[in-house]
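Novice: Predicted coordinates and the sequence they were generated for:
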Amino acid sequence: MSHVFISHVEEDADVALEIALKLEEAGYSTWFYELDSIPGPSYLVQTGAAIEQSQAVILVISPNSLGSQQVTREVVRAHESSKYVIPLLRDISHVEFQNRQPEWREALGSATSTLIPKEGIAGIFGRIVDGLKAKDIHPTSKPDVSRLERIRRMLNEAQASSVMKGDVKPGLPAYDLPIPKAAGKAGGKWLNKLRGRWVWGIASVFIIIVAVIGGWLYFNMSGEDGEVVETATELSLNHIGTYNTSREANSVFVVDDIAYVANGGDGLLVLDVSLPSEPKKIGQYPLEIMENDARNVVVVGNIAYVVEQGGIQDNKALRDRLLLLDVGIPSNPIKVGEYEHDDFRSLDRIAVVGNIVYLTTSGELILLDVSVPSIPVKLGECEFNSNVAYPGVVVADNVAYVFANDFHLVDVRNPSEPVQIGQFDTSDWGSGIAVVSKTAYVVGWSAGLEIVDVSVPSQPVKIGRYTPVGPHELIPPGAVGRLTTIEVSVTGDIAYVTYNFGIDHETWVETLESGIIAVDISDPQNPTKITDYTAMEEVSSVFSAGDLIFSTDSTRGVLIFSLGEPEGEN
């Protein structure tokens with residue numbers, strides 16, 4: 001027997017049923033617990049056998065499934081059985097999933113996760129089928145009419161149950177909830193954005209109408225003492241260009257008019273951005289191992305340093321690698337060297353100064369000599385306490401600045417013996433960091449932007465903080481909002497901070513908004529918000545260069561912005 005196994009928790013049965021329905025309509029056979037399990041035998045035996053007999057596994061990753069021991073068993077079983085896995089993200093970002101379930105991350109390797117869009121599985125079904133066919137998994141039978149009818153009936157019941165519970169979520173097609181006419185055109189826009197988040201209640205509609213009429217701001221600014229500061233409105237982050245990447249865009253690095261993109265499973269993507277409104281692909285370097293994933297890129301001189309995370313191949317976990325690519329001719333990147341990491345802690349963040357590359361794992365800073373690009377040599381390492389999967393790293397003036405549980409300052413004058421010389425207890429864990437002119441800008445997940453004087457590396461001193469407050473008008477009565485700041489890039493007197501905002505469910509956050517905040521840091525003791533861009537799906541990185549800001553969105557690709565007078569959306 002061959003089929004596609006759908007791994008999910010009970011709370012995500014609606015999505016699993018929708019996947020099953022579409023696959024079966026397309027001629028695929030599926031196995032999912034609600035329909036295919038039988039009474040009597042152990043469910044562990046049944047699911048284990050079903051995975052063993054499957055051709056592929058579709059894994060629905062959600063805040064609920066991340067805490068499920070049974071789904072964890074299914075992920076491990078799929079890994080041990082060398083099954084092809086297609087991860088689908090529901091109400092959770094790729095970054096949050098990886099941080100919360102490192103065991104799954106290791107098992108899935110570089111398998112590209114796909115976010116379930118608002119329109120439901122229909123919006124990504126073509127990509128799911130393409131993924132199956134890429135592994136030579138094709139439809140094997142004519143649709144079973146009676147089985148299809150049972151799945152449709154179960155799906156309708158699951159969706160009706162979700163609506164009754166006030167739990168309609170992105171990933172379901174039943175979104176056409178009526179918009180009250182009294183809300184007007186503007187109110188309808190708000191309701192469209194919020195529908196699928198909770199059952200429309202009178203109180204919710206009232207709050208939305210008040211928000212529209214009152215013109216509530218998306219963000220208030222508050223200093224560390226909680227004082228509200230008026231938001232500047234004369235400037236705007238104008239979206240001027242987009243390049244839709246073929247895979248999940250993880251990071252971007254820009255040199256002159258060339259943007260280098262870590263493009264997931266498709267490796268390095270090279271774009272000509274001399275005309276920012278029309279970025280064009282001019283080159284690429286595909287990964288040699290299709291299961292692997294390009295996570296990060298830094299370019300110095302004619303060398304692009306690409307962090308390649310290993311996947312699962314022939315039931316074996318592949319090690320992460322650092323690729324050294326000659327990009328002297330950007331349209332034709334050529335590999336000149338590589339460094340294979342010697343354990344299975346993931347590589348991600350990278351800094352390069354001169355002939356030294358600085359890499360971080362969860363708990364270790366690694367220094368490599370790349371003076372001969374074809375033969376990278378490990379020089380030294382420095383361990384630090386970390387529960388963060390991908391600690392941030394920046395190097396300046398012979399000091400490596402590493403951000404994880406805390407902010408660590410490491411003397412790297414002797415690359416073979418790096419030594420920690422200072423530490424700063426940040427308000428929260430994180431990985432976003434930038435250092436400019438003896439000042440560090442660190443972004444903790446719930447702490448916002450903290451500004452630290454590092455002129456004396458052994459005695460870092462906090463001098464300012466900017467804590468954004470999210471658009472709480474989007475939060476239904478009785479719920480709690482949470483804003484998570486992720487990355488930072490600094491140009492001149494402006495820091496660009498990326499964020500996600502949503503409903504806090506204690507163990508997970510339902511993202512309602514994602515974007516970039518421009519912060520005025522000319523007075524580091526009193527950083528203030530200038531403006532923001534709030535229309536991203538899942539921001540993954542930011543890089544500011546001159547008058548332009550480049551950002552990657554896991555689902556939309558590369559977005560280019562300018563800071564200036566307000567313009568229309570591109």
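Specialist: Nice, thanks for sending it over.

Novice: how about the strands in the stretch 1-150 of the chain?
Specialist: 4-7, 30-31, 56-61, 84-89, 114-115 (DSSP state E, counting those that start in this stretch).

Novice: how about Asn302, what does it touch?
Specialist: Applying CB atoms under 8 Å, 6 or more residues apart in numbering to Asn302 gives the contacts 326-328. Bear in mind the C-beta positions are built from the backbone N, C-alpha and C, glycine included.

Novice: Mind telling me which of the strands of the stretch 1-150 of the chain the model trusts least?
Specialist: Per-segment mean pLDDT for the strands of the stretch 1-150 of the chain reaches its minimum on strand 114-115, at a mean of 88.

Novice: partners of that strand, with directions?
Specialist: strand 84-89 (parallel) (DSSP bridges).

Novice: wait, what's in contact with the nearest residue to Pro63 once chain neighbours are set aside?
Specialist: Among residues not flanking Pro63 along the chain, Trp508 sits closest, at 2.6 Å (CB to CB, 6 or more residues apart in numbering). Residues near Trp508 by CB under 8 Å, 6+ apart: 62-64, 66, 91-92, 96, 100.

Novice: Now do Trp508 against Phe543, distance only.
Specialist: 28 Å (CB to CB, to the nearest Å).

Novice: which element is Glu234 on?
Specialist: Using DSSP states H and E, Glu234 sits within no helix or strand.

Novice: Excluding chain neighbours, give the residue nearest to it in space.
Specialist: Glu565 (7.7 Å).

Novice: how long is stretch 350-363 end to end?
Specialist: 14 Å (CA to CA, to the nearest Å).

Novice: for stretch 94-108, that is, sorry about that
Specialist: First-to-last distance for stretch 94-108 - CA to CA - comes to 12 Å.

Novice: tell me which residues in it are buried?
Specialist: 94-101, 104-108 (16 or more other CB atoms under 10 Å).

Novice: Identify, from those residues, the entry nearest to Asp523.
Specialist: Val95 (31.0 Å; CB to CB).

Novice: wait, doesn't the closest one sit right on Thr498?
Specialist: No: with contacts counted by CB atoms under 8 Å, Val95 stays clear of Thr498, the gap being 10.4 Å.

Novice: Between those two, which contacts overlap?
Specialist: With CB under 8 Å, 6+ apart, Val95 and Thr498 have common neighbours Ile486.

Novice: Can you pull out the low-pLDDT segments for the stretch 251-400 of the chain?
Specialist: 344 (pLDDT under 70).

Novice: Enumerate the positions of stretch 440-452 that are buried.
Specialist: For stretch 440-452, by 16+ other CB under 10 Å, it's 440-445, 447-452.

Novice: Tabulate those (JSON lines), appending secondary structure, distance to Trp31 and pLDDT.
Specialist: Output for the buried residues of stretch 440-452, formatted as JSON lines (DSSP: H, G, I helix; E, B strand; the rest coil; distance: CB to CB, whole Å; pLDDT from 0 to 100):
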{"residue": "Ala440", "secondary structure": "strand", "distance to Trp31": "52", "pLDDT": "94"}
{"residue": "Tyr441", "secondary structure": "strand", "distance to Trp31": "50", "pLDDT": "96"}
{"residue": "Val442", "secondary structure": "strand", "distance to Trp31": "47", "pLDDT": "93"}
{"residue": "Val443", "secondary structure": "strand", "distance to Trp31": "43", "pLDDT": "91"}
{"residue": "Gly444", "secondary structure": "strand", "distance to Trp31": "43", "pLDDT": "87"}
{"residue": "Trp445", "secondary structure": "coil", "distance to Trp31": "38", "pLDDT": "82"}
{"residue": "Ala447", "secondary structure": "coil", "distance to Trp31": "45", "pLDDT": "85"}
{"residue": "Gly448", "secondary structure": "strand", "distance to Trp31": "46", "pLDDT": "90"}
{"residue": "Leu449", "secondary structure": "strand", "distance to Trp31": "48", "pLDDT": "94"}
{"residue": "Glu450", "secondary structure": "strand", "distance to Trp31": "49", "pLDDT": "94"}
{"residue": "Ile451", "secondary structure": "strand", "distance to Trp31": "54", "pLDDT": "95"}
{"residue": "Val452", "secondary structure": "strand", "distance to Trp31": "53", "pLDDT": "95"}
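
Novice: Can you tell me which of those residues is closest to Lys316?
Specialist: For the buried residues of stretch 440-452, the nearest to Lys316 is Trp445 (33.1 Å; CB to CB).

Novice: Give me the distance between that closest one and Trp429.
Specialist: 6 Å.

Novice: Kindly report the same for Asp36.
Specialist: 41 Å.

Novice: do Pro117 as well
Specialist: In terms of CB to CB, Pro117 sits 30 Å off from Trp429.

Novice: And the chain, what are its domain boundaries?
Specialist: 4-164, 181-214, 220-564 (automatic domain parsing).
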